[in-house]
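My questions are about this predicted structure, shown below with the sequence.
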Amino acid sequence: MKEEFTLTVFSENVVGLLNQVTTVFTRRHINIESITASASAIKGIHKFTIVIFTTQEQVEKLVGQIEKRIDVLKAYYFRNNEIVYQEIALYKVPTKSLLEGNEVEQLVRKHGARILELTEEYTVIQKTGYKEETQYLYEKLQPYGLTQFTRSGRVAVNRLKKEPLTTWLKTLEEDRLKVEA
Amino acid sequence: MEAQTYEPIKKEQCKAVNITGAEAMMECLVQEGVELMFGYPGGAIMPVYDALYSYSDRLKHVLVRHEQGAIHAAQGFARVSGKVGVCLVTSGPAATNVVTGIADAMIDSTPVVIISGQVGSNLLGTDAFQETDVIGITQPVTKWNYQITRAEDIPWAMAKAFYVARSGRPGPVLIDITKDAQFNKFDFRYQKMQSIRSYQPVPQPDLTKINEASHLINLAKKPLALVGQGVVLANAEKELMEFLEKTGIPAAWTILGLSAMPTDHPLNVGMLGMHGNYGPNIKTNQADLIIGIGMRFDDRVTANTQRYATNARVIHMEIDPAEINKIIHADVPVLGTVKETLPLLTQKVNKNEHTQWLEEFNACYRVEHERLIGKELHPEKPELTMGEVVRRVSEAFDDDAIMVTDVGQHQMVATRYFKFRQSRSVVTSGGLGTMGFGLPAAIGAKLGAPERHVCLFVGDGGFQMTIQELGTIFQEKVPVKIILLNNNFLGMVRQWQELFFDFRYAQTELINPDFQTIAKGYYIPAIKVTERENLDDAIKTMAESEGPFLLEVVVEKEGNVFPMVPSGMSVDDIRLE
Ligand SMILES: Cc1ncc(C[n+]2csc(CCOP(=O)(O)OP(=O)(O)O)c2C)c(N)n1
Ligand SMILES: [Mg+2]
């Protein structure tokens, strides 16, 4: 049975690493639903958060293949109930639509969104939440002349009690500092 | 990006010398113990070749005729010697010419380091003359690759390249180096790499898994061991024999595991897979325990996985965690190098014999011999068979030569009928099935094991894919014995057309040149045999010749390789004719 999985991949920060990770999926004809890549809390280590729709059996193999790459430190996969995750969405609407009535303002408040920037021409609204939530607000704002909409990839933290990776990374970091000293 | 910061070379380790990047490349090769490399020069690698000119006393370079030849020769060298094969090429078309060999080395776990020149770093990404994105192209087929754009990055990148290529499950590593990095001077110091924080080459053996495995082995009534190249790569042939001899377990081999055990060992029950032996294939589905030892359950071995090892528990001894459960579920995965895990297991298991079970394999062999092997080795028909040629050649070298093959029917026949006494005696393109592999790989094999005889079996199709390497053989005087099994067909494809496409021979018949004249052009002695009565004499002449030799044997045009597991079928659907 296919379901949604979130992969977190920790790697060295080297040129072409994203390509190394994504070819693991392309080779097996698996579509990446979303991907976020950024520096992790530890210097020189990158973190990827990748959302895919596949089977348990397949995801295990994918993680194995990703971890096999020399510059990848660790890769994990989680089901949605094992993580806390969010996406961020930005909406651009004409400021006129805000001034014409209070519906847009109400929508913003009701959906826990906030106004990031307000100019004479346009207003940028930001909402953080699950995809369904940001999508819902998108649909609600459509009638008010929404001109731009963009949604980020997923960011996630796991619900595990123990954090083996963080401890491991910390020792690595300490070792590095020792070497450099 | 600060690449060099994450694999720091400690300052105090050795004294620095101020040299160019190209000279530094030479120093790295020397420090890594490289003595021989294969390559072809060109614009973007010229500074390195210029440095090589001064290092010619320490670094021997073989000039091939096509870069594909360089990489296959490096592979052949690595496979027989256990050392890292090195290949040196220029940018653009030269780098793309080695891609096939890199893919081949990747899938067959061969340690090679490829150094490719690249345009100057200021030109990267501008579609400059002979610029290709070699890193992008080779990323999926290398164990690791890296583009050096600054001379200062040479030491750690080269150290990492060799460390990655040879450690753990070996594989190809490509280093792409821009021309400015070759020219620039810097303070060079070198240290071999011992570890990389993001890479664990050899997993620690888990003793609970060893216990579980030994338990299964002690209980098994019909165990079967599957021997792969992992045994050879780990130099664990002795450990394998100790394990097998204590437990009395029959052992079959994959094409890359061939020669890990002597052919005539009583526990050696033959080849697995599509054109393997009858016994190991049908007995796979009767066995109650399958022990994969350094092998990866390739589809040519398993055939239909839904109907594979249907009555067996599976122990999978493997160095690469990604192989566990990839194709066949492992009831007991035993991670680690078999060099360590086999002795741990041998200690735990009971001494045993499986006389009756082994006798079942022997019975299968008698059936196969009666129906097929006998006819192949001692044919009654006038046409020569590939099998008889292979066996005669094997015997002429006291069953102790290195066998190199190309890809096709002759390859399967060679692996079936050539005999072995020692390990590291087989060089064949197993995973990728690369036609054109054989001739250059034979050159590398001979240079990697100069004290041994090297026999290449090649088809009339594949021979012509890299035939230009006869020039390398001539120039370098490499004494390889080339046995060309000429059936005037792309035989393996023709066989499939006969069996599965109703004899529709679409584009498989070859009208060949006169190979004797070609050999003559390269000053390589040659004989052509068309009649059985001339075969033994010709083989004798070849075996006694000092230098390279081409023995062309005209074999039956439409011979088929059997047994065969037709694709999609199960191992126990194996057909004997
Ligand atoms: C580079 C490459 N192209 C195509 C194939 C497909 N192929 C596999 S075997 C074969 C025929 C080989 O013919 P030949 O070299 O004469 O050997 P034979 O089978 O006749 O012994 C072909 C075309 C291949 N394996 N490699
Ligand atoms: Mg042929």
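Here it is on my side, so go on. Keep in mind that this is a model prediction, so the values were computed, not measured. Ligands and ions are numbered 1, 2, ... in the order given.

Tell me where the model's unsure across chain B.
B:1-14 (pLDDT under 70).

Which residues of it lie near ligand 1?
Residues of chain B found near ligand 1 (Cβ under 6 Å from any ligand atom) are B:406-410, B:433-436, B:459-462, B:485, B:487, B:489-493. Any C-beta I mention is one placed from the backbone N, CA and C, and that applies to glycine too.

Just these: which are in strands?
Secondary structure defined by DSSP state E assigns B:459, B:485 of the residues of chain B next to ligand 1 to strands.

Look up the closest residue to residue 92, ignoring the ones flanking it.
Here I'm looking at chain A. Leaving aside its chain neighbours, A:K92 sits nearest to A:Q148 (3.9 Å; criterion: Cβ to Cβ, 6 or more residues apart in numbering or on different chains).

switch to chain B, that's the one I care about
That would be B:Q130: by Cβ to Cβ, 6+ apart, it lies 3.3 Å from B:G92.

Helix or strand for the one you found, just tell me which one.
In the assignment (DSSP states H and E), B:Q130 maps to no helix and no strand.

same deal with A:K127?
Using DSSP H and E, the element containing A:K127 is strand A:122-129.

contacts for that strand?
Contact with strand A:122-129 is made by A:86-95, A:98, A:104, A:108, A:111-118, A:133-134, A:137, A:141, A:147, as judged by Cβ atoms under 8 Å, 6 or more residues apart in numbering or on different chains.

Give the burial count for the residue nearest to B:G92, as a bare number.
Neighbours of B:Q130 under the rule other Cβ atoms under 10 Å in any protein chain shown: 16.

rewinding a little: show me what contacts the residue nearest to A:K92?
A:90-92.

quick check, B:N311 in a helix?
No: using DSSP: H, G, I helix; E, B strand; the rest coil, the assignment for B:N311 is coil, not a helix.

Tell me how many other residues surround the nearest residue to it once chain neighbours are set aside.
Nearest residue to B:N311, sequence neighbours excluded (Cβ to Cβ, 6+ apart): B:D288, at 5.9 Å. Neighbour count for B:D288, taken as other Cβ under 10 Å: 16.

and if you look at B:L439?
Neighbours around B:L439, by other Cβ under 10 Å: 29.

That one reaches B:T466, doesn't it?
Yes: the criterion here is Cβ atoms under 8 Å, and B:L439 meets it with B:T466 at 4.9 Å.

list residues touching both of these two?
With Cβ under 8 Å, 6+ apart, B:L439 and B:T466 have common neighbours B:69, B:72.

Contacts only, for A:K68.
B:320-322.

Specify which member of those is nearest to chain A.
Chain A lies nearest to B:A322 out of the contacts of A:K68, by Cβ to the nearest Cβ, at 3.8 Å.

my guess is the closest one is in a helix, correct?
Yes: checked against three-state DSSP, B:A322 lies within a helix.

ok so, going back, just send the contacts of A:Q148 back as JSON lines, with secondary structure too.
Output for those, formatted as JSON lines (three-state DSSP):
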{"residue": "A:L90", "secondary structure": "strand"}
{"residue": "A:Y91", "secondary structure": "strand"}
{"residue": "A:K92", "secondary structure": "strand"}
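
so how far does stretch B:185-194 reach from one end to the other?
26 Å (Cα to Cα, to the nearest Å).

How about that stretch, which residues are buried there?
B:186, B:188-190, B:193 (16 or more other Cβ atoms under 10 Å in any protein chain shown).

how about the residues you listed in TSV, adding distance to ligand 2?
Putting the buried residues of stretch B:185-194 into TSV (distance: Cβ to the ion, whole Å) gives the following:
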residue	distance to ligand 2
B:F186	52
B:F188	51
B:R189	53
B:Y190	48
B:M193	45
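
okay, those in JSON lines with secondary structure next?
JSON lines is the format used below for the buried residues of stretch B:185-194 (three-state DSSP):
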{"residue": "B:F186", "secondary structure": "strand"}
{"residue": "B:F188", "secondary structure": "strand"}
{"residue": "B:R189", "secondary structure": "coil"}
{"residue": "B:Y190", "secondary structure": "coil"}
{"residue": "B:M193", "secondary structure": "coil"}
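
So which of these is the closest to B:V34?
B:Y190 (12.9 Å; Cβ to Cβ).

do you know how far B:D206 is from ligand 2?
48 Å (Cβ to the ion, to the nearest Å).

surely that residue meets B:E340?
No: here B:D206 lies out of contact with B:E340, judged by Cβ under 8 Å, at a distance of 11.2 Å.

quick one, domains of chain A?
A:3-83, A:85-151 (automatic domain parsing).

Quick check: which of these is buried the most?
domain A:3-83 (a mean of 18; mean count of other Cβ atoms under 10 Å in any protein chain shown).

rewinding a little: could you dump the contacts of A:K68 to TSV with neighbour count and distance to A:I32?
What follows is the contacts of A:K68, written out as TSV (neighbours: other Cβ atoms under 10 Å in any protein chain shown; distance: Cβ to Cβ, whole Å):
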residue	neighbour count	distance to A:I32
B:D320	19	25
B:P321	17	23
B:A322	18	20
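
Out of the residues you listed, which are close to chain A?
When these are checked against chain A using Cβ under 8 Å from any Cβ of the partner chain, the ones in range are B:320-322.

And the residues you listed, which is closest to A:K2?
Looking across these and measuring by Cβ to Cβ, the closest to A:K2 is B:A322, at 21.5 Å.

Restricting to C-alpha, output stretch A:29-49 in CSV.
What follows is stretch A:29-49, C-alpha atoms only, in CSV (Å, rounded to 0.1, in the frame of the first residue of the first chain):
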residue,chain,number,x,y,z
HIS,A,29,10.5,6.5,-11.3
ILE,A,30,9.4,8.0,-8.0
ASN,A,31,8.0,11.5,-8.0
ILE,A,32,9.3,13.8,-5.3
GLU,A,33,6.2,15.6,-3.8
SER,A,34,8.3,18.2,-2.1
ILE,A,35,11.9,18.8,-1.2
THR,A,36,13.5,21.3,1.2
ALA,A,37,17.3,21.6,1.4
SER,A,38,19.2,23.8,3.8
ALA,A,39,22.0,24.0,6.3
SER,A,40,21.5,22.0,9.4
ALA,A,41,22.3,23.3,12.9
ILE,A,42,25.8,21.8,12.6
LYS,A,43,28.4,23.6,10.5
GLY,A,44,29.1,21.9,7.1
ILE,A,45,26.1,19.5,7.3
HIS,A,46,23.1,19.8,5.1
LYS,A,47,19.7,18.6,5.7
PHE,A,48,17.2,17.5,3.1
THR,A,49,13.5,16.9,3.8
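
For whichever residue of chain A sits closest to ligand 1, which non-adjacent residue is closest in space?
Closest to ligand 1 within chain A is A:R27: 20.2 Å, counting by Cβ to the nearest ligand atom. The shortest distance from A:R27 to any non-neighbouring residue, by Cβ to Cβ, 6+ apart, is to B:P140 (6.9 Å).

List phi and psi for B:Q306.
phi -70, psi -30 (degrees, to the nearest 10).

gap between it and B:V565?
14 Å (Cβ to Cβ, to the nearest Å).

the more surrounded of the two?
B:V565 (24 against 8).

what's across from the nearest residue to A:L165 once chain neighbours are set aside in the sheet?
In space, A:L165 comes closest to A:K74 once its chain neighbours are excluded; the distance is 5.6 Å by Cβ to Cβ, 6+ apart. Going by DSSP bridges, A:K74 is paired in beta bridges with A:F10.

Repeat that for the one 10 residues further on.
A:V84 has the following beta-bridge partners by DSSP bridges: A:V157.

on contacts alone, who are the packing partners of the longest helix anywhere in chain A?
If you go by DSSP state H, chain A has its longest helix at helix A:164-180. Counting contacts by 3 or more Cβ pairs under 8 Å, 6 or more residues apart in numbering or on different chains; DSSP states H and E, helix A:164-180 packs against strand A:72-79.
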